[in-house]
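Engineer: attaching a predicted model along with its sequence, questions to come.
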Amino acid sequence: MAITCATSSTSNESILRIDEDFSVHLPYPEFKEKFTLGSTSTEQDNPRTSNLSMVMSENIHDGLSLLLEEERGVIQGFKEFAPQLESVALALAERARHGGRIIFIGVGSSGRAGLDLAAKVNRVCPHLKCLGMMGGGDCALIQAREGFEDSPEQGKMAAERLSLKPNDSVFLISASGSASFNAGFGHEAANAGAKTYCFYNSLDIPERTNSLFTRTNNPVVPLLKDIGPQAILGSTRLQGYSLARICLGYMLGQTIHHFAPEIDLKGFSVEQLSEKLSSALNKIRAAFPQIAQIIEEEHRVFSGPESNFRRARDTTQAGYVSLLGTVKSTRELIIDSVETSPTFFLNPRKREHEVQKRRAEYQAYVVDELDNTKAWQYSLGRDPYFPEDWEEIKQFVLSSKVDGNESFAKRPHEAGNFVLAVDVLHRGESASTQLQASLAEVNQKNGRTALMVITEDPLDTKEFETLFHAVSVIQQEDDILGLTFSQLLKWKLNLISNATMILMRKVSGNRMIDLRTSNNKLIDRCMRLLHEQWSIRHPDEKLDEPALYRTILDVYNQQKKYQDRGEYSPGTLKIVYTMLEKKCSMEEAIIILRDKDENIDQI
């Protein structure tokens, strides 16, 4: 029997719509043709983590082990793929000597990986012109704008804006190889004569990406390394991000070696970098007891009786996690807090004037800088590439010392909230006194605090243990580009935020069941997960695909209205599943979910 979704009267053959963040809503037949991505490697089920949520709920250490072990495949993939990158590095250096730029392009996590890599290169070798750009502009670093992923027109416009030349080298980064933005950018870059590469992780790719490789004029060069499914289905902020940063980071190190041989790259061979990263994984495992303490603190904050986590509105001053770091950890903290939001349907960071919206559950700040402009410069690793972008960027407060509606000072820190601080120390550096002073103030307000330090020198933790509720210090040797420290910190932050969200029932097995359907890839994933969830209880009943698609679009559009009014709603998948199971409206589904504490197993 076919099951028809409760939905509005929106026509199946409705015209293409583009919402305010450039999410492209296609008629269902066109969506089905272009965005059925279940065969891509990144969207496959990972059998090794299939019971992740159950394991994590029973024993946090065992759950962390499942997540962390998947990263060993990243290191192995890097070792296998690195030889292919050495000839690319030679060509990059040659074009750079003739004035060419190295440009990384991507959307979402892939765009952030490219931006981070460019910042690392510019710190070590500023005369090697390297630029990381994101779909949605520099502001997308702080507020996810994943709808840009669906727009080849936006990609084309972004390429035109950069005035590409034949000596430029362009890298399109997309773990699944499905980003339409990248396809639009890639064709325009190739048309301009730029040498264009595409780094991706899936043997199966859509035709729009394959068309880049089959061009008769200046075809795009594929750089494929498939390491299989993600630890959490589809979450490319995990292994996909790690593989891109490590592989392309190594390639950039080799490029610097050929372009500027006077720069000492000692310790940056494949073997040495792999050894450092493997050592980092082992040290993270040894730190599981301290990491678990931090996870338990976050879980306690979000699930506390006064927490706003699932309330319709912000009615109390409890239920918030703030991330506080020095300039050397700022990008990792920002990236984790921003990406947790679209991954698990949390509230995104607000602009200064968006006072009617709900607070973000996670929010990151830079402690070192008094000037918000400098905080942004450290976060981007440069000034905004286009000066006019400052107008949008300055709406977000990053410096912990700047006042404003979204400032660190006005964020709740009293009992029922948690501040996680991060310090990164290279040889001879001392721990940040500003960071410690900020956390001491939180302690005075009865908020909970934790400190994570990554250091190259031994560090006595006794002085910290009396100040903070949890302390995690890892001593590790870094590399010249800072890939090892960055990756170590990324791994730790991902473990903490993912484990916390798993404990908050936003993952079932290894599937995100509370995702934000902000682009076509996520809509497709939502549909597949709904079919799977439905078949468990109703094996003899099939869902009506076009009706399901329309319902997801309608629910997500209504959810954006909830957000604009400052009201909470559960994730799209949970709402649609409840509508189907209870044959009810969206409003009724939200009430049912609240009564069941959003546990869809009880629906």
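Structural biologist: Looks like it arrived, so ask away. Residues are numbered from 1 along each chain as shown.

Engineer: show me what contacts residue 408?
Structural biologist: The neighbourhood of residue 408, defined by Cβ atoms under 8 Å, 6 or more residues apart in numbering, consists of 322, 324, 365, 397, 400-401, 438. (Glycine included, C-beta is placed from N, CA and C.)

Engineer: pLDDT weak spots in the stretch 251-400 of the chain?
Structural biologist: Judged against pLDDT under 70, the stretch 251-400 of the chain has no low-scoring part.

Engineer: all helices for it, in order.
Structural biologist: Along the stretch 251-400 of the chain, the stretches classed as helices by DSSP state H, counting those that start in this stretch are 270-286, 288-303, 330-344, 372-380, 390-393.

Engineer: ok, now which ones touch residue 48?
Structural biologist: The contact partners of residue 48, by Cβ under 8 Å, 6+ apart, come to 66, 69-70.

Engineer: re the thing from before, how about the helices of the stretch 251-400 of the chain, which one is nearest residue 157?
Structural biologist: helix 390-393 (16.2 Å; Cβ to Cβ).

Engineer: what does the next helix or strand after the closest one contact?
Structural biologist: Per DSSP states H and E, the first helix or strand lying C-terminal to helix 390-393 is strand 418-425. Strand 418-425 is contacted from outside by 294, 297-298, 300-301, 320-326, 328-329, 332-333, 367, 413, 431-432, 435, 438-439, 442, 447-457, 459, 468, 485, 489, 496, using Cβ under 8 Å, 6+ apart.

Engineer: please redo it, this time with the cut-off set to 6 Å
Structural biologist: Residues outside strand 418-425 that contact it (Cβ atoms under 6 Å, 6 or more residues apart in numbering): 297-298, 301, 321-326, 328-329, 431-432, 435, 439, 442, 448-455, 485.

Engineer: picking up where we left off before, adding pLDDT, secondary structure and distance to residue 600, write the contacts of residue 48 out as CSV.
Structural biologist: CSV is the format used below for the contacts of residue 48 (pLDDT from 0 to 100; DSSP: H, G, I helix; E, B strand; the rest coil; distance: Cβ to Cβ, whole Å):
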residue, pLDDT, secondary structure, distance to residue 600
66, 98, helix, 22
69, 97, helix, 28
70, 97, coil, 25
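
Engineer: any quick PyMOL command for the buried ones out of those residues?
Structural biologist: In PyMOL, this line selects whichever of the contacts of residue 48 come out buried by 16 or more other Cβ atoms under 10 Å:
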select buried, resi 66+70
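
Engineer: any chance of TSV for the contacts of residue 48, columns distance to residue 545?
Structural biologist: Conversion of those to TSV gives the following (distance: Cβ to Cβ, whole Å):
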residue	distance to residue 545
66	33
69	36
70	32
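
Engineer: nearest to residue 528, of the contacts of residue 48?
Structural biologist: Using Cβ to Cβ, the contacts of residue 48 come closest to residue 528 at residue 70, 20.8 Å.

Engineer: surely residue 402 touches residue 372?
Structural biologist: Yes: between residue 402 and residue 372 there is a contact under Cβ atoms under 6 Å: 4.7 Å.

Engineer: which stretches of the stretch 501-603 of the chain form helices?
Structural biologist: Using DSSP H, counting those that start in this stretch, helices in the stretch 501-603 of the chain cover 520-537, 545-564, 572-582, 586-595.

Engineer: got a list of contacts for the third one?
Structural biologist: The set of residues external to helix 572-582 that reach it, using Cβ under 6 Å, 6+ apart, is 6, 513, 517, 526, 529, 533, 551-552, 555-556, 586, 589, 592-593, 600, 603.

Engineer: send me it as PDB with only the CA atoms.
Structural biologist: Taking C-alpha atoms only, helix 572-582 is exported to PDB below (Å, rounded to 0.1, in the frame of the first residue of the first chain):
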ATOM      1  CA  THR A 572      12.800  18.100   9.600                       C
ATOM      2  CA  LEU A 573      13.100  14.300   9.600                       C
ATOM      3  CA  LYS A 574      11.600  13.900  13.100                       C
ATOM      4  CA  ILE A 575       8.600  16.200  12.200                       C
ATOM      5  CA  VAL A 576       7.900  14.400   8.900                       C
ATOM      6  CA  TYR A 577       8.200  11.000  10.400                       C
ATOM      7  CA  THR A 578       5.700  11.900  13.200                       C
ATOM      8  CA  MET A 579       3.300  13.400  10.600                       C
ATOM      9  CA  LEU A 580       3.400  10.100   8.700                       C
ATOM     10  CA  GLU A 581       3.100   7.900  11.700                       C
ATOM     11  CA  LYS A 582       0.300   9.900  13.400                       C
END
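
Engineer: now it: buried residues?
Structural biologist: 572-581.

Engineer: swap in the last one?
Structural biologist: In terms of neighbour count (16+ other Cβ under 10 Å), helix 586-595 has its buried residues at 586, 589-590, 592-593.

Engineer: and what of the second one?
Structural biologist: Residues of helix 545-564 classed as buried: 546-560, 563 (neighbour count, 16+ other Cβ under 10 Å).

Engineer: of all the buried residues of helix 586-595, which comes closest to residue 80?
Structural biologist: Nearest member of the buried residues of helix 586-595 to residue 80, counting by Cβ to Cβ, is residue 593, at 44.5 Å.

Engineer: rewinding a little: among the contacts of residue 48, which one sits closest to residue 27?
Structural biologist: residue 70 (37.4 Å).

Engineer: what's the closest one in contact with, if anything?
Structural biologist: Residue 70 touches 231, 239, counting by Cβ under 6 Å, 6+ apart.

Engineer: that older thread, just name the closest of the contacts of residue 48 to residue 140, please.
Structural biologist: When the contacts of residue 48 are compared against residue 140 (criterion: Cβ to Cβ), the nearest one is residue 70, at 26.4 Å.

Engineer: distance of the closest one relative to residue 168?
Structural biologist: For residue 70, the distance to residue 168 equals 35 Å [Cβ to Cβ, to the nearest Å].

Engineer: with residue 434 instead?
Structural biologist: Shown here: residue 434 relative to residue 168, a distance of 40 Å by Cβ to Cβ.

Engineer: the two: which has the busier surroundings?
Structural biologist: Per other Cβ atoms under 10 Å, whichever of residue 434 and residue 168 has more neighbours is residue 168, with 23 against 16.

Engineer: nice, that's everything, thank you.
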